[in-house]
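S.K.: Here is a sequence together with a model predicted from it:
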Amino acid sequence: MGNSSFVRMAMIAGCGWLLDASVYWFLADAGLHVFIANIIGNCVGITFTFVLSSRHAFQYHGDFSFRHFILYTAFAFAMMPIFSGLLSWIYHSGFSGLIGAKIIVTVPSFIVNYIFMRLLINKKHA
């Protein structure tokens, strides 16, 4: 699992991010509270990324692991306040606009998620 898993995870997570952001913007634009819209969008992105990454980025070939999914989801929800706080600080400091702040926060968020996923789904599970 070297650089190829990182690249595959980046591509999958990028698609997950697009789903997340699309659901978020659609629901928020329709009038749903931004916090709730963001949680729903994150859930879509988390599910998509986990399901595709475990098989395609980390070559897990066993049955769907509900235990791994729960651990990954719990980890992702634990990280949400940290990265949301960072996004808020970047945005309110005037460093970047709202979209730019989300993109900036995506980089460290992706790296942390990749490391956790790599530890969670490793070759001994394949």
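M.R.: Good, I have the coordinates.
S.K.: What score does the residue nearest the centre of the chain have for pLDDT?
M.R.: Geometric centre of the chain, nearest residue: residue 46, 5.2 Å, by CA atoms, centre = their mean. For residue 46, the pLDDT comes out at 84.
S.K.: so which helix or strand takes in the residue lying closest to it once chain neighbours are set aside?
M.R.: Distance criterion CB to CB, 6 or more residues apart in numbering; nearest residue to residue 46, sequence neighbours excluded, is residue 76 at 4.9 Å. Any C-beta I mention is one placed from the backbone N, CA and C, and that applies to glycine too. Using DSSP states H and E, residue 76 sits in helix 66-92.
S.K.: mind checking the SS state of residue 94?
M.R.: Applying DSSP: H, G, I helix; E, B strand; the rest coil to residue 94 yields a three-state assignment of coil.
S.K.: what does the model give residue 126 for pLDDT?
M.R.: 45.
S.K.: Do me a favour and get the backbone dihedrals for the residue sitting furthest away from the middle of the chain.
M.R.: Centroid-distance maximum for the chain: residue 94 at 24.7 Å, with CA atoms, centre = their mean. Here is the backbone geometry of residue 94 (degrees, to the nearest 10): phi 80, psi 10.
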